[in-house]
Structures are given as structure tokens and as C-alpha cells.
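Chemist: Let's see this in three dimensions:
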Amino acid sequence: MRGTPERSLRYGQLRTILLLFGGYAACYYCRADLSVATPLLVEELGKQGVGHSEAIVRIGSISSLGVLAYALGKLFLTGLGDYWGGRRNFLIGVGGAAVFTLLFAAGGTIPMFTLAWVGNRLTQSIGWAGLVKVSSRWFDYSSYGSIVGILSISYLVGDAAAREQMGMLIERGYGWRALFLFAAIAAAVWLTACLLWLRESRTELGHTEAKPNPLNLFAAAQSRPASVGALLLPLLRSRAFLLVCLLSFTCTIIRESFNTWTPVYLRDHLGYSISHSAGMSAIFPGVGAASVLLAGWLSDRLGLNGRSLLLSLGLTGTAAALLVLMSVRPGPAGALLAVVVIGVIAFCLLGPYSYLGGAFALDFGGKQASAAASGIIDGIGYLGGVLAGDTVARLSVAFGWEGVFVILATVSAVAAVCAGGLHVLNTRAAARTTHG
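Modeler: A predicted model of the protein is given here:
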């Protein structure tokens, strides 16, 4: 008799993983579209009398405003999932992505593009925290690293698949509107599936509650926090939590820079065609997916201290690779080397980065505040990501891509030092717990 409930739980967990994975991957179809379509949009704006450099800056501004909306949503809206449930957050994220991506496709002017992109990113901002919240209700803490690692590759797989498929559409002569319609359809399909089959918690199917990390900041609480202050203060008083927020800020600058500008860099600096630059930009999320899986597997075996150590090592490697990328000269001669180095950066950065808004958020928040912890960590991170749009666009115009990569290498080096500090704090906390 015991085997039947266990099989039922495993089936429910597998279904939950598949729905969260697919839904969040679809959201990234509705993010990759702007990056992939940027060279086409630059040409479109050129027909309206906008110069190449000015068009790059305008699209960079749209990207920055979208990231700012995403960051503010992360900071002020994601905590709702701790009160009304993660499933609702997740459905709003996927549904908003579909609706506003359709609005972008229907537009044709900078103001309409801006409105649609801001709406898209704002509604998507609560999706990941909803995913984390639902995960905390379905899985025990001992599997956080592996589960969040699997779910974290959803956005990388979605991003890579979207770029490759959109590159194929461009190669076949489709324009930028078709890319956005394609993304909206993908999101609508997964929204329907999640509405039908995604459940908030395993207790809804008669299973026992999932076990949270006993060291989480809300371990003594058996019910949800009574007020916003009770929810936020334990997080904001934790030095380790604040350091994770700082790491999220720095790492997201680097990640969003590559997410946004890789197709433009490959097109303008190295001479790839528009379709090939779209397809080759999939190297960043594609290699990142392998990195996230490896990092998740290692984290559950190395423990909490292992995550901060891997962060420090990964960010050091990222800084070194960025300096190599800086040395790549314009033109086709360095095209292959640049793509390889971008893959190395993805491998060093994205696996450890996935800990920040995932496993670390679950560790800090437990079942009571995992959505709020994830939202704050990611929200502060995306405040840094705002710089990856307009600021990076202006830097690339003024100083070239070499100057951009030097600045990003410096940011990565600072983040590596912060990760080392986090490792020290975690080691001390673990020692106190052992001796206590």
C-alpha cells in the first residue's frame, strides 16, 4: 500500500516540474524576441529616418525600461505569492507574457514598443517567484539544489530554443512581427496547460507537507508571516542575505548584457548575418543550461558552503574570459574565438548565478517567505540589469565593445570577492549551528 502514495507523489512532482519548466521556458520566448529582432528593428527604424547608432540607443532604452519594470515588480509584487499562492503568480507571469507580446507585434512606433515591453516584463516579474513558491510546496529541502537547477535551465533552454528557431524564421524571410507572434503562441499554449494541470501544493492531492530547510530564517514559524514587517525584517537583518542581493546585482548586469546584445555584437563587430547572429547567440543560454545542471548537482553534494565557493570560482573565471573577449578584433577572423569565449563566460557565470534567486531564496525563506526572498534577490539583481540596456548601448557606441567587456570584467571581479565573503559567513553560521 505504501508504494501507491509514493508513486502518486512522484507523478505529481514530475508533472509539476514539467509544467513549471515549460511555462517558464515559454516566458523566455517572449524575452528573446526583442534581442533577436533588434537588428531587424534597427533596419525598420532606419526606414523611418533613424540613424544606426541612435536606433541602438533607443532600443537599449526600451530594454532598460523593461528591466526596470521587471526589477520593481520583483521587489514589490512577488511577495504576494506568499499570501495568495505561487500558482497565481506563475499564471499571471505566463499570461502577461503572451498578451503583451501580441501587443508589441501589433505596434509600429517607439512609444507602443515601450508600452508593450514594459507590460511584458512587469507581468513576467512575478513568474519566477511563483515557480519557487510552488517548488517549496512540492519538494523537500534536501533536493532544492537539483530541483531548482532543473527548473533554472528552463529559461536557458527556452532562450536558446527561441533564438535558434527565430533565426530559422529570419533565414526563411520572416520579419520581426512574426518573431513576436511566434513567441506569444508558445506562451499561450503553456498558459493553457498550467491552468488545467498545475497545483499549488502536494497537500491538495492528500500528501504530507514538504520539509523546508531547518536553517531558514522562518524555521520557528508554523504559519505565514502576520505582516509585511514580519515577512521582510528577518531577511533584511541577515548579512548573508544582503550579500546575496549584492551578488545578484552584479551578476545580472553581466547576464543581461549578453542576453540583450549578443546578436548585435555578432552582427556589427564580427560580421555575422542577421539570421546567423540570432542562431549563434543561443550559445550563451545553451552552454549555460549545462552549467546550471552541473552546479545544481554539485550544490546538493557540497552543501550550503559549496554554493558560495562555486560562485567565487565561477565569477573569477568569468572575469578572465571577459578580458580574453576584449582582445578579439573586429571582423570574421575572430568570429569563432568570440563564440567559444562567450560559451566559456556562460559556463562560468550561469550555473552559480542560478543559486541566487533559487536555492539561496529557498534556504533563506523556507515555505513561509520563499517568494519574497526570491523576489527581493532577483529584484535587486534586475536593478543592476537596467544598466545592461541603455548604458551598455551608449558605452558600445562611445568606446566600442572592448570598453564594454573591460567594465564587465571589473564587475565580475568585484562579485567574486563578494562571493568569497559570503563563503566566510556561511562557514561561520554552519559552525555555530554544529556547536549549538
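Chemist: When you work out contacts or count neighbours from here on, use the C-alpha atoms and nothing else.
Modeler: OK.
Chemist: how about Arg271, secondary structure?
Modeler: Quick fix: residue 271 is Gly, not Arg. coil (DSSP: H, G, I helix; E, B strand; the rest coil).
Chemist: Just give me the residue closest to the centre of the protein.
Modeler: Centroid check for the chain by CA atoms, centre = their mean gives Tyr155 as the closest residue, at 6.5 Å.
Chemist: Grab the nearest non-local neighbour of it.
Modeler: Nearest residue to Tyr155, sequence neighbours excluded (CA to CA, 6 or more residues apart in numbering): Ala25, at 4.7 Å.
Chemist: Poorly predicted segments of the chain, please.
Modeler: Where the chain drops to pLDDT under 70, the residues are 1-3, 141-142, 144-145, 212-228, 230-231, 303-304, 366-368, 370, 430, 432-436.
Chemist: before we move on, the earlier item: my guess is the residue nearest to the centre of the chain contacts Cys30. True?
Modeler: No. Using CA atoms under 8 Å, Tyr155 is not in contact with Cys30; the gap is 10.8 Å.
Chemist: Identify the residues contacting stretch 83-91?
Modeler: If you take CA atoms under 8 Å, 6 or more residues apart in numbering as the criterion, stretch 83-91 is touched by 78, 80-81, 126-134, 191, 194-195, 198-200, 224, 371.
Chemist: And it, what's buried?
Modeler: Neighbour-count burial for stretch 83-91, counted by 16 or more other CA atoms under 10 Å, picks out 85-91.
Chemist: Switch those over to a markdown table; also include distance to Ser146 and secondary structure.
Modeler: Listed next are these as a markdown table, based on distance: CA to CA, whole Å; DSSP: H, G, I helix; E, B strand; the rest coil:
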| residue | distance to Ser146 | secondary structure |
| --- | --- | --- |
| Gly85 | 23 | coil |
| Gly86 | 20 | helix |
| Arg87 | 21 | helix |
| Arg88 | 24 | helix |
| Asn89 | 23 | helix |
| Phe90 | 20 | helix |
| Leu91 | 23 | helix |
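Chemist: coming back round to it: give me phi/psi at the residue nearest to the centre of the chain?
Modeler: Listed backbone geometry of Tyr155 is phi -70, psi -30, with angles given as degrees, to the nearest 10.
Chemist: Pull up the gap between it and Ala369, please.
Modeler: Look at Tyr155 and Ala369: by CA to CA, to the nearest Å, they are 23 Å apart.
Chemist: Equivalent analysis for Leu302, please.
Modeler: 24 Å.
Chemist: Looking at the two, which is more packed in?
Modeler: Per other CA atoms under 10 Å, whichever of Leu302 and Ala369 has more neighbours is Ala369, with 30 against 12.
Chemist: does the more buried one sit in a helix, a strand or a coil?
Modeler: Ala369 - assigned by three-state DSSP - is helix.
Chemist: Enumerate the positions of the helix or strand that Val244 is a member of that are buried.
Modeler: Counting by DSSP states H and E, the element that carries Val244 is helix 239-268. Neighbour counts over helix 239-268 (16+ other CA under 10 Å) mark 240-268 as buried.
Chemist: again with stretch 42-51
Modeler: Using 16+ other CA under 10 Å as the test for burial, stretch 42-51 gives 42-45.
Chemist: Please tabulate the residues you listed in CSV and include distance to Ala106 as additional columns.
Modeler: Shown next, in CSV, are the buried residues of stretch 42-51 (distance: CA to CA, whole Å):
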residue, distance to Ala106
Val42, 17
Glu43, 18
Glu44, 14
Leu45, 16
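Chemist: host element of Leu323?
Modeler: Leu323 belongs to helix 283-326 when assigned by DSSP H and E.
Chemist: other SSEs contacting that helix?
Modeler: Applying 3 or more CA pairs under 8 Å, 6 or more residues apart in numbering; DSSP states H and E, one finds that helix 283-326 contacts helix 144-171, helix 335-357, helix 390-435.
Chemist: So which bits of stretch 289-306 are buried?
Modeler: Buried residues in stretch 289-306, defined by neighbour count with 16+ other CA under 10 Å: 289-300, 304-306.
Chemist: if we take the residues you listed, which one ends up nearest to Val324?
Modeler: Within those, the smallest distance to Val324 is 20.0 Å, found for Ser291 (CA to CA).
Chemist: hang on, the closest one packs against Gly351?
Modeler: Yes. With contact defined as CA under 8 Å, Ser291 counts as touching Gly351 (4.5 Å).
Chemist: What residues does Gly317 make contact with?
Modeler: Shown in contact with Gly317 (CA under 8 Å, 6+ apart): 345, 348.
Chemist: Can you tell me what sits against the host helix or strand of Cys194?
Modeler: According to DSSP H and E, Cys194 maps onto helix 176-197. Residues from elsewhere that reach helix 176-197 (CA under 8 Å, 6+ apart): 19-20, 22-23, 26-27, 29-30, 33, 37, 40-41, 91, 94-95, 97-99, 101-102, 104-106, 162, 166, 169.
Chemist: one more time with 6 Å, if that's ok
Modeler: 23, 26, 29-30, 37, 94, 98, 101, 105 (CA atoms under 6 Å, 6 or more residues apart in numbering).
Chemist: Neighbours of Phe399, how many?
Modeler: Residue neighbour count, defined by other CA under 10 Å, stands at 10 for Phe399.
Chemist: if I look at it, how far off is Ala338?
Modeler: 18 Å.
Chemist: got it, and Asp140?
Modeler: Separation of Asp140 from Ala338 (CA to CA) stands at 41 Å.
Chemist: still on that earlier bit, just the buried residues of stretch 83-91 now: which is nearest Ala69?
Modeler: Comparing these against Ala69 with CA to CA picks out Asn89 as the nearest, at 15.9 Å.
Chemist: Could you check how far the closest one is from Ala97?
Modeler: Counting by CA to CA, the gap from Asn89 to Ala97 is 12 Å.
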